[in-house]
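J.: For reference, the sequence and a predicted model appear below.
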Amino acid sequence: KQGTSAEYKKLRDRFTAEKFDADFITDLALAAEMRYVNFTTRHLGDLYMFRTSVSEFTSLNSSAGRDLVAELAIQCEKKSLGLFLYCPPDVARTEPQETFDRNCTVMRELLTQYGPVAGIWLDGVGSYYEEPQAYERLNELYALIRSLQPQCLISFKQGTGTEDFVAPEGLMHTKKDAFAEKAW
């Protein structure tokens, strides 16, 4: 069961990130012969793990008081690991232009504040097939990503057919409608 926004906000003061250790995470990745690390920048509850202008609900404004993306980016660059950033886009919860602008702001911040980014992994696959109109401007978002960091790979879980790769979850790949067929 997913919590409510109010329930997540109550957890902000308890979020310390005490066990988050970017140095350890990247050492572990190297020991496992990984070539990149994928980090969740925001997820359920909308707590951003980085400095952003779109919300006050961030790890910096929590008890953690830290920019976790920055810490991981430093260690990835130091150890020559790629940094992938998982960033589920907001969909049309408000006015579509406002939502699009918000998504662009988040992408711009992630791709200009933290050095080279190997990839962006977008989410929202369930709602994409149910509400494709909410993603009408996805290619514009992709163009922004590519303009800021041309080497940055783009993945959108199930895919629309214009990503560098898809990363399906569960049985979502069994969908057979026009959108799914285009991606696969």
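T.: Structure received.
J.: So which helix or strand of the chain has the lowest pLDDT on average?
T.: In the chain, no helix or strand scores lower on mean pLDDT, DSSP states H and E than helix 125-130, which sits at a mean of 59.
J.: What lies in contact with whatever helix or strand comes next after it?
T.: Where DSSP states H and E defines the elements, the next helix or strand beyond helix 125-130 is helix 138-148. The contact list for helix 138-148 (C-beta atoms under 8 Å, 6 or more residues apart in numbering) reads 89, 100, 103-104, 107-108, 111-112, 120, 152, 154, 156, 160, 162-163. All C-beta spots, glycine's among them, are computed from the backbone N, C-alpha and C.
J.: Can you flag which of the residues you listed belong to strands?
T.: Under the assignment DSSP state E, the contacts of helix 138-148 contribute Ile120, Ile154, Phe156 to strands.
J.: Closest to Ser62 out of these?
T.: For the ones in strands among the contacts of helix 138-148, the closest approach to Ser62 (C-beta to C-beta) belongs to Ile120, at 23.6 Å.
J.: Spatially, what comes nearest to Glu71 if we skip its sequence neighbours?
T.: Distances taken as C-beta to C-beta, 6 or more residues apart in numbering place Ala22 nearest to Glu71, at 4.1 Å, with adjacent residues excluded.
J.: and the one you found, how many neighbours does it have?
T.: Per other C-beta atoms under 10 Å, the neighbour tally for Ala22 reads 21.
J.: Please apply the same query to Phe100.
T.: Phe100 has 19 neighbouring residues, counting by other C-beta under 10 Å.
J.: for this protein, what spans make up the helices?
T.: In the chain, helices defined by DSSP state H lie at 5-11, 22-31, 68-78, 96-113, 125-130, 138-148, 178-183, listed in chain order.
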